[in-house]
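**Q** got a structure for you, letters missing:
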């Protein structure tokens, strides 16, 4: 049994003061328990000899003082421990969220969002018993029995020996049973996490399930998954509680043994009554901390298993570019990890896309876990102010080409440069500040319509926002919304049609003051007249920017300076202008 | 696979939410009582063990013959074994009950969501929904393990201890009763009231955090691209601070309970001792009953130590239960008939007459007096700008949304007089933005027709032009599509959804923008394929694609919920109306 996970202890350092306070107050409680037992035994023994209440006034007053002090120490200890837990949880949560955000755009199959959400809340709450109860109890489980055994030996050495011999059995049993339950607990937690993801998945797919009359069938699946979870959990608990049974039995039997043994010696006059009473009152206290620490260990097993899942996510290395010091999310909030790893001066200067040319030569991108490259040998020169159309069948890599230009993925082979600088050496954050993007499935966020349009230009004026919306053809439906541009949007903007969502994303991209505009099927959901309006905007008001459109629509190609077929013949069609000398040099 | 009976319907129940949760355990009350009895036995054995040990020592100190204490010696050992065994049984029984109740709550909630979706569910953020269903529903589990069972066990043991003391010294029994009631009821309630405030703050903060994490990670690419990741992370951190603040308040409430509990226990034992010592001094009580009395009082408090936690648990469960009720109490988006009309044998025909939908209430109509005929074999194309109401027509026909006015008829009878599931077995197809489940390609297709054989899957995939792609994948049909189909491209997702519709093959097929995300040649081929494949069957094709519409029987143009033009391709193409304008805007495509 691993008593304490070193990585968790490292995080516990943040709450060290609170934890030390909790342990100190726990020790004070122990001292007060011993004092209370001694005073009780003295009062009972004295009263047995016929001493009246008046003679015992001092003892009783002292006992009252001990009771009050114990209550205060109990309050302080619990408060300190739980505050420590809250602090550690918050620290872990922030790390988890920040790390996942950095991982997310590069990985197609990163941690599931719903699962991370569950880990960050319910999963981490499992750490409460770990920090608030288990860790302080772990320290006390060593100190308290020692103090009690010393007191008992001083009172009656025979009973002291009985306790000292039986005590070590408890950690021994705990270790044996713990060995058996650890793997099972971990399995159970995985199952629970799976269930969390499963539920989000089926709830999001409920409309689809209903369309095919499969929603009621899912009841059966949920029932099965839940019942499987119960069987797995009960199997674990039968073993886990077995250890508690063994512990309780050994503690209770030892108490009975001491009671009988002191009783018999008392009977034959080998032991004074007061000493026997003190031993009886103290014996359970010697076993209590060990039983408690074992119970807390099991109660916190769920939390430590959750923590291990979280550490596994935190241990997933960030894509290479972040390590090279090109912060993915700036440095303002939680950027310490990224900032810390940046070798000074490693980042190249950021080329100005208003004047720099981007050259791709034989660029291939493969996602991990896939043996088929997502983008295979793309050749492309992008000059400032050009309008370039990427065409090709679905799945040939048009979106991947845009993701490469966004620096979500790096080229596996081939050469990708901007203004002569290797793309992979350019800090991603500053590079992206020059780009606006309309993905195939744009996300809308909590907040108003205006907030969503100004995502990349937070200080944009209302007039600028309205201009962008007008350009994207979104103005009419936005103004028809109950609160116009201030209408709050639900997740995935459920009340908006796919086309309206796309128009908002277009407005978002148009508003951003970025010289490079990447449009991924920008008109897939639009009616022909709305699509035509976007084409007009691209050729008209937006003409000064460099624009790359991945498209299926033939009209969108009119006016393009280059039409590049991605995939298929694996070669770019002859460019409408000579390839840059740089590209030639690199290709040889 | 059988779901088992769910005892209480969650919908439209006027009882307090917590009671509704508790009522769900009614079929399991035998198990629940068994768990409580085992718990009482465990605590009772512990109390009796200390009391009897006190008797043993006090009697032995009078140096009687050994026979006088031999029964006590045996009983002490028996009690120590009994205590461990009954505690083990109680733990197993209470956890088992809790898991079983949890299963029932999950099912009841799923059934409710199933009736509400999609109209009723979309108003919630799905991250929030996830916490609601995982966190709040899991709180039900704790409600029974930590809330209900210890309360019952404490009442039994406390009552027995007070009764025993009553035979020794009545005033001391009174003090003990007062102390136990304070420690078992007053202190827990005070702690719970303090914790309730914290829980009220924590539950929404937790939901908000989970939702914002889901949103943050789902939209990570957009946030990074627009340089908004840091701001979004700062928002999440602010929510985290809110949650941590709530956690701290809970900590204080818990600690207050622990301190008060310790004070009440100590004071009660002290008062019992005081009364006992006074009675001994007065000569009315001997040493043996004095020891038994004091040690019983000391041990009896073990019964109530779990109650502050239980009260906090009940408080938290109440908050969780009312949040569950917020979801389950939403009105049904469509009314189900009490006695659904059986489906006619077919063929099937649909009529919409002046169909009007106003949503949300008071807003502009999404559909405004739309009439539509879909007799067997007729194919109708619905075209129009985004937001013109095309998808609302599909939602009405699939019984996902109720008409505000007008009628919808299936074979001459009101659509609402049939069971909604029956309607969807006749009228179904490919929804807009179809969902891909985190499973294999094969599983995602098969959900449309679970009993389908491999040949049927192949045939459906072939008609959606999906087969070459599947064949090119190393894992073929067993390739996982990733979360929300993240591992497949937009076009493949659309084809997969189309293959589903072909596999399900309902008599009336609704295809909502089946060719989005596809390239023009594939679009034309697919449109031709789907028109060829649907000969002789009623089809409602919602599309922006104007190619191939010469093959459909009727073209209906919608604008702002109204029909602005209708007729066949031949009638409309030179009519100078919206259809002609739309086609010219498209430059006749490439045809």
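**A** The structure has been received and is ready for your questions. These numbers come from a predicted model, not from an experiment.

**Q** How about stretch B:155-164, which residues are buried there?
**A** B:155, B:156, B:157, B:158, B:160, B:161, B:162, B:164 (16 or more other C-beta atoms under 10 Å in any protein chain shown). No exception for glycine: its C-beta is placed from N, CA and C like everyone else's.

**Q** My guess is the last one contacts residue B:54. True?
**A** No: at 12.0 Å, residue B:164 does not count as touching residue B:54 under the criterion of C-beta atoms under 8 Å.

**Q** so residue A:499 is in which element?
**A** If you go by DSSP states H and E, residue A:499 is part of helix A:498-511.

**Q** Residue 40: which element?
**A** You didn't say which chain, so I picked chain A. Taking DSSP H and E as the definition, residue A:40 sits inside helix A:16-48.

**Q** um, chain B though
**A** Per DSSP H and E: helix B:29-60 holds residue B:40.

**Q** can that helix be found next to chain A?
**A** Yes: contact of helix B:29-60 with chain A (C-beta under 8 Å from any C-beta of the partner chain) involves B:46, B:49, B:50, B:53, B:54, B:56, B:57, B:58, B:60.

**Q** With neighbour count and pLDDT as extra columns, can I get those residues in JSON lines?
**A** JSON lines is the format used below for the residues of helix B:29-60 next to chain A (neighbours: other C-beta atoms under 10 Å in any protein chain shown; pLDDT from 0 to 100):
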{"residue": "B:46", "neighbour count": "26", "pLDDT": "90"}
{"residue": "B:49", "neighbour count": "25", "pLDDT": "91"}
{"residue": "B:50", "neighbour count": "25", "pLDDT": "90"}
{"residue": "B:53", "neighbour count": "32", "pLDDT": "92"}
{"residue": "B:54", "neighbour count": "27", "pLDDT": "92"}
{"residue": "B:56", "neighbour count": "29", "pLDDT": "92"}
{"residue": "B:57", "neighbour count": "29", "pLDDT": "92"}
{"residue": "B:58", "neighbour count": "27", "pLDDT": "93"}
{"residue": "B:60", "neighbour count": "28", "pLDDT": "92"}
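
**Q** what's the next secondary structure element after the worst-scoring helix or strand of chain B on mean pLDDT?
**A** Confidence across the helices and strands of chain B bottoms out at helix B:126-131, with a mean of 52, counting by mean pLDDT, DSSP states H and E. Later in the chain than helix B:126-131, the nearest helix or strand by DSSP H and E is helix B:137-142.

**Q** could you say what helices and strands the next helix or strand after that next one packs with?
**A** Downstream of helix B:137-142, the first helix or strand assigned by DSSP H and E is helix B:149-166. For helix B:149-166, the packing partners by 3 or more C-beta pairs under 8 Å, 6 or more residues apart in numbering or on different chains; DSSP states H and E come out as helix B:29-60, helix B:67-116, helix B:170-181, helix B:287-300, helix B:307-328.

**Q** what is the orientation angle of helix B:149-166 with helix B:287-300?
**A** 170 degrees (axes from the mean of the first three to the mean of the last three C-alpha atoms, to 10 degrees).

**Q** Which helix or which strand is home to the residue in the stretch 301-450 of chain B that chain A sits nearest to?
**A** The stretch 301-450 of chain B approaches chain A most closely through residue B:386 (3.1 Å), counting by C-beta to the nearest C-beta. According to DSSP H and E, residue B:386 maps onto no helix or strand at all.

**Q** got the phi/psi numbers for residue B:386?
**A** phi -60, psi 140 (degrees, to the nearest 10).

**Q** and the gap between it and residue A:563?
**A** Distance, residue B:386 to residue A:563, by C-beta to C-beta, to the nearest Å: 27 Å.

**Q** which non-adjacent residue is nearest residue A:54?
**A** Nearest non-adjacent residue to residue A:54, counting by C-beta to C-beta, 6 or more residues apart in numbering or on different chains: residue B:281, 7.6 Å away.
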